[in-house]
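Undergrad: Could you work out the structure for the sequence below:
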Amino acid sequence: MQRSRSGLPLNPPISIRLFRNPAAGVLLLLATASPVAWSQGITSTAQPTAQQPAGNTPPAGQTLPNAAKLPSYDESHPLSAQPPIGQVGNSAASLQAWRGLTVSSIQFRGVDADRLAPLQQELALQPGQPLDPAKLRSSLRRLYATGLYSTIDVAGIRTGDQVSILFDGRPQLFIGRVNVNGVSDENFTSLLQVATKLSPGTPFTQAKLDRGKTLIEKLLVDSGYYQGQVIEGQSTDPVNQQINISFVVTTGTRARVGTTLVHGDAGLTQKQFQKASKLKPSVRVSRDTVNTALAKLRSHYQKQQLLESKVTLESKTFDEPTNHLNYVFNVNKGNKVVVLINGVKASKGSIRNLVPIYEEGTVDEDLLNEGDRRIRDLYQRKGYFDITVSHTNVRLPSGQTLITYTVDLGKVHDVDSVSIAGNHYFQSSLIEPRLNVHPASIFDHRGTYSAALVASDITTITAIYEGSGFSHVVVKPVVKDSEVDRHGRPSKIAHMTVRYEITEGVQQRFGSYKLVGNIKVPNTVLLPLLNTQVGQPYNSNNLTGDRDAVLTYYLGHGYDQAAANLKQAPDPRDPNLIDVTLEITEGEQIHINKVIISGLHYTRPKTVDSHILVHDGDLLNQSALIDTQRQLYDLTLFNGVTTAVQNPNGDELRKNVLLQFNEAKRWDVTYGFGFQAQTGTPAGCNNSLTAAQRLASGITYCNPNGNFGISELVSLNVSRTNLRGTDNSLTLKTTYGSLEKIALLTFTDPHPFGKRSFTLSVDGGYSNEQDVTTYAAARLIGNVRVTERVSKPVTLIYSYQFRRITLDANTLQVAPSEVPLLSQPVTVGGPGFTFIRDTRRPTALDATGGTYNTVQEFFADGKFGAASNFNRLEGTNSSYYPFGNVHKYVFARSTRIGFERSFGSPAQELIPLPERLYAGGAQSHRGFGINAAGPRDSITGFPIGGGAVFVNSFELRLPPPTLPVVGSSVSFVVFHDMGNVFVKGSDIWPSFLRFHQPQSHAGCADLSDTDQQLPNPEHNSIGLVGLCNYNYFSHALGLGARYGTPVGPIRVDASYNLNPTTFPQIDNYNLTNASAPPQVGKSGHFNFFFSIGQAF
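TA: Residues are numbered from 1 along each chain as shown. Model prediction:
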């Protein structure tokens, strides 16, 4: 049976009934259509009755024949008993008798008239035309092809010489919302919804509903809920011609593991089997229980080299009274398989990785041959290019299988050169970076070569040429061995050269390029979308892009059934020219009848309105539907947003669009814990104790440089989203640790005043942090921040910041005379501005390309509530440069520079300790502990920050090697950090080339408290006194390791400071002896850091 593109029959059955309506004095014609079968036509030759000559129209008032099946039906249908007027003919003949009557009107019933309005113009039968049975049949088919009717009746009412046509039928219902209720786990609820396979917008049938219920019940059983119950419900929405479906699920108690029986030769006791399979009695059953048990058992046997073991599940039986699931397994442990590799040293782990029989759990020749290839490829990469590998498979008398790989490494080789010849169209510089075979270098002293890599290079070069029209290109590798080195001298190491000889052939180009079938959209619109031009080198990728661009245009302009097909053929006059024809099937342009929104309970409609890009009456734009879904997900208010077209395969001109929401929970609680391990961790010394008291209390770790330690923390965050039905949110973030205690409440409006590119946040709270060894500071915070997303890489932040800072006088490690002044509470307030340009790729935590630039400005003034007036300006610039073979290496660099200056009356000129510039630590200068770079207190030696900072970092990020256990998950980094913190900005540039600290053996070694408290002759914003000079660049070299994880690399860095800072310690908090004299301190050479993410 032929079907339309809507999936409906092209020829629905039509039955015609003709009868008289005495009250109205009119005649009725009735034809019905349903998707059961189609007749081949309604025209037939009928014998004229004596009372009605053939071909004459019955006079008004005459009774016409009653209903009868058409002649195409296989069975006869007796006529209804009606008072006959003369001889009764068949209905088709009676319809023929109405031929020629004028159609006065055409009406529709059963489906919304507005939805059918555009269709009326396309019907073959139109008002004012003579009645034609063929046109009536065609109109009925067209109407049925819309998919909006399940059955259609056609009624004809004659009044004089005119007839009025009425299409009336039962509307087709479509699936609306599909809800699963009764399950608290949102993830499991989503799985149950997907399991129903009920797609919103598609035609509804009872069979689909029954299948959906069955699939939910099956998923419940598979998940261990054998006592679950499912009750389906449905509610009809006749206005929108859809039916909403709900399933109420009662999961019951999850079944538990009952008895476990084993048939066959398992070689295990019952307890051993249960332990190996993790099928312990009374353990809850889940979807993965059986798969996990089978995997564990296979792994158990593989560890015993029983690679031919067979483990299958025979049956599982649910015992309802006990709610236990009883399993029966069939197990045959098989014989031991021993794999040996002779000729090279190979650990058990290496053998498992190289020989795939361990992965597949079986032994066959194909897998053994794959083992040959893997071993050969591994050692060829190590320089043994002449390696030969063979294997034997022997069954021993004991029943064991012995598989022996014999490896002859041959002579080790160096790849001296890799070259390309015969390439005229492409330069070698374009091809070489894409090759996998490459010569020896400082980072790969043997070079890289294998037969598999050569084959891969041939494929790569061929693809490059074929993409530019060289369809007959030939690439031939020429590999030469030599017993002498590149200088012609005999060598113990063989040397190899690889040359790829390219025969380019004739370049094919595009001959002609035609668009056909685009009737409604002119060439002037489509041609600018195409990348391919006549005369260009042939490129199949360009053609695919052209086809996709044309389809995207059509789908974005309402042609949801558009199709495009590419045809290519050589030009008959020149075989090197390819003629291309893009055949377009446009279809009808579809408009949106109505956007049906459902699922909004707490969310206000106006919250989502601006993000909905499709509206009633718009063209059906598939791209806009996708963008709508993306923008609605970005609101973070919904677990699910479903967009669907109702009646997707129906041939109608106005379609409904479904927009269904599943709102997320409005309350969210997250918690976690973590730690950092590093040198320079603040020790939390108490200056209210004397040295003797500290020793008596067991405190011997006070140190200006901090100590190596672990700073742990726990966090608890509570969020309330969907505030007042909007996308506003309120979040409480709390952190508690040894170095920080934070409670911060933040209000966020992601689109203030309807501005899509802005975000407003207001926060306030309390923090108590010790991120420098010198003090612990408590802050009361209040901030207002507006973030503007100018473009994808550029972000601007406008802020007002206010904080009240109180230093804990007992933790303040400065000269005793300075404690009263520096520990006084101080308020800081003022506007701030931040510029960010971020093009890092692929991720910010592990960038391999792009740049990251920031500029931050903060202005604290008494007019904004500040007790101290100062201006702070900071900038950073980071860039990342991949290089080497297929960009395996990354050179990364970062520079930070900052200036801070106080102004105003003398009382306002001292910048508070927590507001100064600091450097040092895992994300800064790794030659120092946390914030330990720069000026020090002249009496205690603890860091006090500065008025300027400059830190530059270089990193060479190496490709990950293949290591035992971790494989290629670990990579290494070599880095150099340099810079320092300075008293004022003018000190930076004179210090740039200064490697040694000035006066480190003079002023810094003066341990007189009187001398070290002399005022600095030059005014500065940090109140520095004493004789020690810190104007120099400190340099540190280091090595780091990165372990890749889905959230970013775990980082371990170890550094050696080449020129650490020297400072006086007159009041020595590092005393291990109460009577020890003052000393000259040093910041230390070695530092260690552990954290997540790259350093920059």
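Undergrad: make it CA atoms for all contacts and neighbour counts henceforth
TA: Fine.
Undergrad: And the residue nearest to S456 when sequence neighbours are not counted, how close does it get to A421?
TA: Nearest non-adjacent residue to S456, counting by C-alpha to C-alpha, 6 or more residues apart in numbering: N436, 7.4 Å away. When distances are taken as C-alpha to C-alpha, to the nearest Å, N436 and A421 turn out to be 17 Å apart.
Undergrad: higher neighbour count, the two?
TA: Just comparing N436 and A421: by other C-alpha atoms under 10 Å the higher neighbour count belongs to N436, 19 against 13.
Undergrad: would you say that one is within a strand?
TA: No: under DSSP: H, G, I helix; E, B strand; the rest coil, N436 falls outside any strand and is assigned coil.
Undergrad: how much space between R779 and P522?
TA: R779 sits 67 Å away from P522 when distances are taken as C-alpha to C-alpha.
Undergrad: With neighbour numbers in mind, choose between these two.
TA: Taking neighbours as other C-alpha under 10 Å, R779 and P522 compare with R779 leading, 21 against 11.
Undergrad: Touching, the more buried one and R803? I think so.
TA: Yes: here R779 lies in contact with R803, judged by C-alpha atoms under 8 Å, at a distance of 6.2 Å.
Undergrad: so who does the residue lying closest to G517 once chain neighbours are set aside touch?
TA: Computed as C-alpha to C-alpha, 6+ apart, the closest residue to G517 that is not its neighbour in sequence is I584, at 4.8 Å. By C-alpha atoms under 8 Å, 6 or more residues apart in numbering, the contact set of I584 is 515-518, 562-565.
Undergrad: bridging residues for I584?
TA: Assessed by DSSP bridges, I584 has beta-bridge partners A564.
Undergrad: What separation do you get for F247 and L215?
TA: When distances are taken as C-alpha to C-alpha, F247 and L215 turn out to be 12 Å apart.
Undergrad: Hmm, I typed the wrong one, I wanted N539.
TA: 47 Å.
Undergrad: Where does pLDDT dip in the stretch 801-950 of the chain?
TA: Segments of the stretch 801-950 of the chain classed as low confidence (criterion: pLDDT under 70) are 885-887, 907-908.
Undergrad: can you give me the strands for the stretch 151-300 of the chain?
TA: Listed in chain order, the strands of the stretch 151-300 of the chain (DSSP state E, counting those that start in this stretch) span 162-171, 174-181, 229-237, 242-250, 256-265.
Undergrad: Of all these, which one comes closest to F835?
TA: In terms of C-alpha to C-alpha, the element of the strands of the stretch 151-300 of the chain nearest to F835 is strand 174-181, at 45.2 Å.
Undergrad: Return the closest one as PDB; C-alpha atoms alone will do.
TA: Coordinates of each C-alpha in strand 174-181 appear next as PDB, following Å, rounded to 0.1, in the frame of the first residue of the first chain:
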ATOM      1  CA  PHE A 174      -1.100  13.600  19.500                       C
ATOM      2  CA  ILE A 175       1.100  12.800  22.500                       C
ATOM      3  CA  GLY A 176       1.500  15.800  24.800                       C
ATOM      4  CA  ARG A 177       3.300  15.700  28.200                       C
ATOM      5  CA  VAL A 178       4.600  12.400  29.500                       C
ATOM      6  CA  ASN A 179       5.000  12.500  33.200                       C
ATOM      7  CA  VAL A 180       6.300   9.800  35.600                       C
ATOM      8  CA  ASN A 181       5.200  10.400  39.200                       C
END
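Undergrad: For S1091, what is the enclosing helix or strand?
TA: With secondary structure defined by DSSP states H and E, S1091 is part of strand 1086-1092.
Undergrad: quick one, what contacts T552?
TA: S623.
Undergrad: and the helix or strand where it lies, how far out from the chain's middle?
TA: Using DSSP H and E, T552 falls within helix 540-556. Relative to the mean C-alpha coordinate of its chain, helix 540-556 is positioned 25 Å out (C-alpha atoms, centre = their mean, to the nearest Å).
Undergrad: Pull the number of nearby residues for Q856.
TA: Under the neighbour criterion other C-alpha under 10 Å, Q856 is assigned a count of 17.
Undergrad: Could you do I597 as well?
TA: Counted by other C-alpha under 10 Å, the residues lying close to I597 total 13.
Undergrad: Also Q646?
TA: Using other C-alpha under 10 Å, Q646 has 27 other residues around it.
Undergrad: Then G934?
TA: The number of residues packed near G934 is 30, by other C-alpha under 10 Å.
Undergrad: And it, how far from T774?
TA: 13 Å.
Undergrad: Now the common contact residues for those two.
TA: Where contact means C-alpha under 8 Å, 6+ apart, the residues bridging G934 and T774 through contact with each are 943-944.
Undergrad: No further queries at this time; thank you.
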